[in-house]
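J.: got a structure for you, letters missing:
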């Protein structure tokens with residue numbers, strides 16, 4: 001760079017000397033002057049600027065660093081040789097232009113060299129991101145030396161083929177050809193891309209390619225401090241579902257006004273969100289019950305922070321202790337009970353059959369006895385899709401709880417007992433989503449039981465709201481089924497989560513990928529596909545909630561069958577009795 005600057009100064013002075021004098025007289029002054037300029041540049045730290053990051057802002061520093069030596073030379077020469085002073089004056093502007101231009105050219109060549117050795121990337125833009133307020137974040141990516149942007153992808157067919165900031169726009173339907181032709185490794189997507197159809201289309205297109213998907217935060221959010229400090233952050237996990245998610249329900253905010261509401265299992269994934277949603281609807285008192293100290297502590301602190309005026313009571317109780325449960329119900333005037341407490345992890349429950357019976361069935365019976373003895377009219381049992389044609393111990397215990405609930409309703413009448421079935425919820429403890437998150441974080445293989453296995457999914461908040469809504473619809477003895485959309489392939493979730501985390505899938509076709517998907521095989525008791533109901537579903541006044549006729553009135557031996565189940569200890573006998581009760 002020093003040699004470049006000295007050469008430009010000397011050649012400029014020679015050219016202007018010849019232009020004015022038609023000769024090269026007094027050229028002996030040019031080399032010492034060039035040395036003077038270089039020394040002054042060094043003093044002004046002009047050479048501290050990294051060429052690859054030079055910008056228009058560098059002009060001011062360069063111009064005054066060059067101007068001072070030229071001004072000094074022009075002033076001295078004015079009294080010695082005025083014609084030579086004019087040559088130096090005219091040469092200044094050309095030297096400044098050429099020195100700066102040489103740096104811009106050098107920067108462009110270096111950046112192009114670096115970009116040619118980086119991965120090719122593409123940027124997805126929707127209509128919102130084509131406005132001026134967001135162009136800055138897009139331009140930063142295009143000009144960033146770490147990326148070589150080969151295309152901008154748009155959902156607007158009319159701008160296909162246009163050039164934005166030097167990059168060609170391609171229509172979204174051509175993305176597969178683009179990935180193959182340009183060997184695209186990363187796709188940037190706007191953070192405010194709310195079009196579900198576009199997201200679904202993108203993920204369906206890219207699932208077979210080793211492509212990273214990362215998010216461009218909104219430039220205004222960055223300025224206002226609303227976004228992560230990282231310029232690019234990964235999508236949230238709840239974007240994996242190809243369905244609309246409803247987080248509000250058609251129910252009065254004062255639904256629980258003047259009432260005391262109990263939530264069992266309040267520290268769990270469902271129970272904690274359900275408790276928060278109930279608190280929003282102004283109960284006179286909210287009672288939280290759980291047998292986990294830390295879970296109860298966490299939900300208590302969360303609700304106190306969110307609802308400063310709430311009357312909140314927390315009880316650390318094991319539902320298997322019938323005497324404590326009896327005393328608890330006697331000492332509290334409760335109007336609504338939401339029973340969310342249960343062991344739910346299929347694999348662990350299958351390995352701990354006796355514990356599952358005492359916790360899931362005996363625990364529910366104790367709650368039900370407390371409800372009966374204290375004339376509580378509203379009881380909602382939170383069940384699972386695994387209770388439909390159950391093959392697992394967990395599914396069978398929940399199926400039997402449903403039957404116990406309906407049996408008790410028919411015995412008692414004049415009450416609003418109901419059960420609610422739904423499938424998996426995002427990010428609940430032990431769910432496949434949480435497991436995949438941890439595996440991705442640790443760069444471990446994602447474990448999938450079978451390539452064809454499917455499950456139903458919904459957000460925790462949506463499930464909690466629909467549970468409350470279903471209880472408001474209950475007239476007594478209903479088995480409600482929540483609309484969970486279409487079942488989703490677990491392997492598709494694994495693929496999407498790898499992409500969304502900014503990683504690539506390791507496979508035979510892409511051996512250098514980041515994370516592999518490992519097929520482990522189904523457990524003996526696991527199904528390929530879950531059913532929400534065996535019988536045909538009937539609509540209710542809420543389009544997201546249906547009625548199932550899976551549960552008929554229990555036979556005469558039902559109560560004795562339950563008593564026998566709770567009394568035996570042999571696991572083979574327990575399994576046999578579970579199946580007998582479920583099939584009756």
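T.: Nice, thanks for sending it over. As the structure is a prediction and not an experimental result, all values here were calculated from the model.
J.: what strand or helix carries residue 368?
T.: Assigned by DSSP states H and E, residue 368 belongs to helix 363-373.
J.: so which elements touch that helix?
T.: For helix 363-373, the packing partners by 3 or more Cβ pairs under 8 Å, 6 or more residues apart in numbering; DSSP states H and E come out as helix 322-331, strand 336-339, strand 378-382, helix 393-412. (Glycine included, C-beta is placed from N, CA and C.)
J.: pipe those into JSON lines and attach distance to residue 448, mean pLDDT and mean neighbour count per row.
T.: JSON lines is the format used below for those (distance: least, Cβ to Cβ, whole Å; pLDDT from 0 to 100; neighbours: other Cβ atoms under 10 Å):
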{"stretch": "helix 322-331", "distance to residue 448": "40", "mean pLDDT": "96", "mean neighbour count": "15"}
{"stretch": "strand 336-339", "distance to residue 448": "32", "mean pLDDT": "98", "mean neighbour count": "25"}
{"stretch": "strand 378-382", "distance to residue 448": "27", "mean pLDDT": "97", "mean neighbour count": "25"}
{"stretch": "helix 393-412", "distance to residue 448": "20", "mean pLDDT": "94", "mean neighbour count": "22"}
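J.: export these to JSON lines and append columns for distance to residue 275.
T.: Listed next are these as JSON lines, based on distance: least, Cβ to Cβ, whole Å:
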{"stretch": "helix 322-331", "distance to residue 275": "17"}
{"stretch": "strand 336-339", "distance to residue 275": "9"}
{"stretch": "strand 378-382", "distance to residue 275": "12"}
{"stretch": "helix 393-412", "distance to residue 275": "20"}
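J.: out of these, which is closest to residue 29?
T.: Residue 29 sits nearest to strand 378-382 of all these, at 92.6 Å, using Cβ to Cβ.
J.: and stretch 84-97, what's buried?
T.: Neighbour-count burial for stretch 84-97 flags 84-85, 87-92, 94-96 (criterion: 16 or more other Cβ atoms under 10 Å).
J.: could you tell me which of those residues are located in helices?
T.: Among the buried residues of stretch 84-97, the members found in helices (DSSP state H) are 84-85, 87-92, 94-96.
J.: wait, which of the residues you listed is closest to residue 475?
T.: residue 96 (86.7 Å).
J.: give the contact list for that closest one.
T.: 62-63, 66-67 (Cβ atoms under 8 Å, 6 or more residues apart in numbering).
J.: ok, it to residue 105 distance?
T.: According to Cβ to Cβ, to the nearest Å, residue 96 stands 15 Å off from residue 105.
J.: how about residue 535?
T.: For residue 535 relative to residue 105 (Cβ to Cβ), the value is 76 Å.
J.: more neighbours, the two?
T.: Between residue 535 and residue 105, counting by other Cβ atoms under 10 Å, residue 535 is the more crowded of the two (14 against 11).
J.: quick one: contacts of stretch 276-288?
T.: With Cβ under 8 Å, 6+ apart, stretch 276-288 has contacts from 251-263, 266-267, 271, 275, 296, 299-300, 302-303, 306-307, 310-315, 332, 334, 336, 338, 461, 464-465, 468.
J.: need the buried ones from the residues you listed selected in PyMOL.
T.: Per 16+ other Cβ under 10 Å, the buried members of the contacts of stretch 276-288 correspond to this PyMOL selection:
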select buried, resi 251+255+256+259+260+261+262+263+266+267+271+275+296+299+300+303+310+312+314+315+332+334+336+338+461+464+465+468
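J.: now for residue 404: which residues touch it?
T.: Residue 404 neighbours (Cβ under 8 Å, 6+ apart): 361, 364-365, 368, 562.
J.: then residue 304?
T.: Counted by Cβ under 8 Å, 6+ apart, residue 304 has contacts 310, 312.
J.: and the pLDDT at it?
T.: Residue 304 is assigned 94 on the pLDDT scale.
J.: and it, which helix or strand is it part of?
T.: Using DSSP H and E, residue 304 falls in helix 293-306.
J.: next SSE after that helix?
T.: Downstream of helix 293-306 (by DSSP H and E), the next one is strand 312-316.
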